[in-house]
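Student: build me a model from this:
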Amino acid sequence: MSTMNASDKISLHFLGAAGTVTGSKYLIEVRDKKIMVDCGLFQGLKKLRQLNWDYLPVNVAEIDAVVLTHGHMDHTGYLPRLIKMGYKNAIYGTAPTLDIAEIILRDSAKIQEEEADRANKEGYSKHNPSVPLYDLTDAEKAIHHFKALPEGEWITLFDQIEIRFQYNGHIIGATFIEMNVYGKRFVFSGDIGRKEDLLMRPYKKPQKADILFIESTYGDRIHPKENLYEKIEKIVNHTVQKGGTLIIPSFAVERTQTLMYILWQLKKKGLIPEIPLIMDSPMGANVLKVFHNHKSWHKLSSEECAAMCDAFTIVQEYRETWEVIDDKRPKIVIAGSGMMTGGRVLTYLQQYVGLPETSVLVAGFQADGTRGKKLLNGCLSLKIYGKYYEVKAEVFEIQTLSAHADQAELIDWMSEISNTPEQVFIIHGEAHAADTFRVRLTDTYNWNCYIPELYEIKEFFIDVT
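Tutor: Below is the predicted model of the structure:
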């Protein structure tokens, strides 16, 4: 038996998605190595977004590696800030994850630059001058550090530390990460997908976990069983009968492609009228290329991908957005961003949200403090770029489209873990969802479950002999 000392411990730093859904960042510190799992941006409430401007309470220059579960903004969007703080090593992920992250970082940087310019011109920012959190140059520096790793294979990162990316079904490229650290198995769930999804294959399941990090986005609910095609068909036809436009704010990755697939199928079967189908998201258009380039990661054939895209007018330039707006015919517009925190959808909302014939379909998780959450809560006006717009549009919600596992699927995902984990950390969930899931998980498996707080540090001892 070795004598335990300071070098025989693993320290876990909860730098994000602890007590909230966004900003996923976890740091593992063992002996002379430091590894960050995910590097996400905080979104939603202002007090969370302001955290993006703070320096992390760790020495960033000493971090040896970053590994990414998937490409979403709340898991990758902080990478340019990390580089600015002195990170200089590789950023690992699956090939499609890095392709998605590259698209998202460039888009995020561009939006931040544009919003800072707009704030300075129109004078609605409290900061003078308003500056972006990071710019395109910063994003390109982060992308330069990307290094793709295969799915399903153990890769040695450092002596006594190896990792494996395992298919998770959430979006294209998404994985959970298994990490063997001096014989102890750490499992980071990332965001877990649905057991049955239109585009993604079913998730794999971990077989062992000594320390488990499990997301809890929908840990407090079961997704309703509804006929997705029938519900969207009714919303479309109702909107057309009003002579209005259906606006669908959508996440550019996977959600946009799923919505395109459903609308294409409905139109092909003659269940909705021959009206224009618009996909106005440069990022969404780039994601379609990722689907074409990584066919083994999803269910669609090349022919289906092509036919689906042909059914839509795919908008690239901002001037085309105004051409769509000027066309007064009923139409369906899918535009980013999904939580209405930025992107082209805000231009459409400015023009359409005050019209009673307009319908807005909210088709994904909405974090507290976002415009999407406010719309679902029945707000009477929406603040966009410093101005308030009266809400007269009808607002609809579909939860079945969620790319996140619900409570039952989260429980199922853990069903093949053969050992009893030493500790289970419930992360990536709002307070109520996380605590409800903690109770359910404890009742189901009788595991030692804990909900960490932001910037909390936990330590575990290991045998390094």
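
Student: quick one: contacts for Glu390?
Tutor: The contact partners of Glu390, by Cβ atoms under 8 Å, 6 or more residues apart in numbering, come to 353-354, 380-381. The C-beta positions use only the backbone N, C-alpha and C, and glycine is treated the same way.

Student: try it again at 7 Å.
Tutor: The neighbours of Glu390, taking Cβ atoms under 7 Å, 6 or more residues apart in numbering as the test, are 354, 380-381.

Student: just the ones of these in helices?
Tutor: Members of the contacts of Glu390 lying in helices (criterion: DSSP state H): none.

Student: return the subset of those residues lying in strands.
Tutor: Using DSSP state E, the members of the contacts of Glu390 that fall in strands are Ser381.

Student: most neighbours among the contacts of Glu390, which one is it?
Tutor: When neighbours are counted by other Cβ atoms under 10 Å, Gly354 leads those with 15 neighbours.

Student: go ahead and confirm Leu105 touches Ala142.
Tutor: Yes. Using Cβ atoms under 7 Å, Leu105 makes contact with Ala142 at a distance of 6.0 Å.

Student: residues bridging contact with these two, i.e. touching both?
Tutor: Joint contacts of Leu105 and Ala142 (Cβ under 7 Å, 6+ apart) are 79-80.

Student: of the contacts of Glu390, closest to Leu56?
Tutor: Relative to Leu56, the closest of these is Ser381; by Cβ to Cβ it sits at 36.2 Å.

Student: how about the residue nearest to that closest one when sequence neighbours are not counted, secondary structure?
Tutor: Using Cβ to Cβ, 6 or more residues apart in numbering and skipping the chain neighbours, the partner closest in space to Ser381 is Tyr388 (4.5 Å). Using DSSP: H, G, I helix; E, B strand; the rest coil, the structure places Tyr388 in strand.

Student: number the chain from 22, please
Tutor: Sure thing, new numbering starts at 22, so read that last one as Tyr409.

Student: residues near Tyr409, how many?
Tutor: By the criterion of other Cβ under 10 Å, Tyr409 has 11 neighbours.

Student: do the same with Arg215
Tutor: Neighbours of Arg215 (other Cβ under 10 Å): 21.

Student: that one is in contact with Glu430, isn't it?
Tutor: Yes. Taking contacts as Cβ under 7 Å, Arg215 lies within contact range of Glu430: 6.5 Å.

Student: picking up where we left off before, distance to Glu236 and pLDDT added to the contacts of Glu411, as JSON lines?
Tutor: JSON lines is the format used below for the contacts of Glu411 (distance: Cβ to Cβ, whole Å; pLDDT from 0 to 100):
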{"residue": "Gly375", "distance to Glu236": "37", "pLDDT": "97"}
{"residue": "Leu401", "distance to Glu236": "33", "pLDDT": "96"}
{"residue": "Ser402", "distance to Glu236": "33", "pLDDT": "96"}
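
Student: and which of the contacts of Glu411 is nearest Pro245?
Tutor: Nearest to Pro245 among the contacts of Glu411, with distances taken as Cβ to Cβ, is Leu401, at 26.9 Å.
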